[in-house]
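Here's a sequence, model it:
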Amino acid sequence: MAETHTPYYSLKKLFSFFSGVTAGFLVMVIILTVEIMAATVVLAFFPVLKCCGVKNYTDFSGSSFERVTGHTYPWSCCKSLGTVDCDGRNVSADIIHQELPGILATLLLFIKLG
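Predicted coordinates:
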């Protein structure tokens, strides 16, 4: 018996392809993509919010960021981007934002003040 092609035949075939293990893999890829996008947005706003980490620059200690780059903090923690002293290792209060509240406290205050 020949297969009948309804308007949704191709869509049904596509969904059946993603059933089972493939669907689980697809969900994992989507979750990973969302996490990467969220981290990118947060890192992009560090210089604007003048903060470094959730609490402070020590949040990056032992993180995958530190293991991969060898830096104690990302460049977005620097008070003046592009300076020689902002090398990812110099944790001086003159170089990086560390005395200011972390991003979590800043975002909560921003939300609270509306």
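
who's in contact with Asn90?
Listed by Cβ atoms under 8 Å, 6 or more residues apart in numbering, the contact set of Asn90 reads Ile96. All C-beta atoms are positioned from the backbone trio N, CA, C, and that covers glycine.

secondary structure class for Asp87?
Secondary structure, DSSP: H, G, I helix; E, B strand; the rest coil: Asp87 is coil.

ok, it - contacts?
His71.

looking at it, Gln98 is touching Phe60, isn't it?
No: using Cβ atoms under 8 Å as the test, Gln98 is too far from Phe60 to be in contact (11.5 Å).

roughly how far apart are Leu26 and Val34?
According to Cβ to Cβ, to the nearest Å, Leu26 and Val34 sit 13 Å apart.

Could you do Arg89 as well?
Taking Cβ to Cβ as the measure, Arg89 falls 31 Å from Val34.

Same question for Trp75.
For Trp75, the distance to Val34 (Cβ to Cβ) stands at 24 Å.

Looking at the two, which has the bigger crowd around it?
Shown here are Trp75 and Val34; by other Cβ atoms under 10 Å, Trp75 has more neighbours (16 against 10).

Point out where the protein drops to low pLDDT.
Along the chain, segments meeting pLDDT under 70 span 1-8, 11, 14-15, 17-23, 41-51, 99-108, 110, 114.

Mind doing that once more with 80?
Across the chain, residues meeting the criterion (pLDDT under 80) sit at 1-26, 38-55, 76, 81-82, 98-114.
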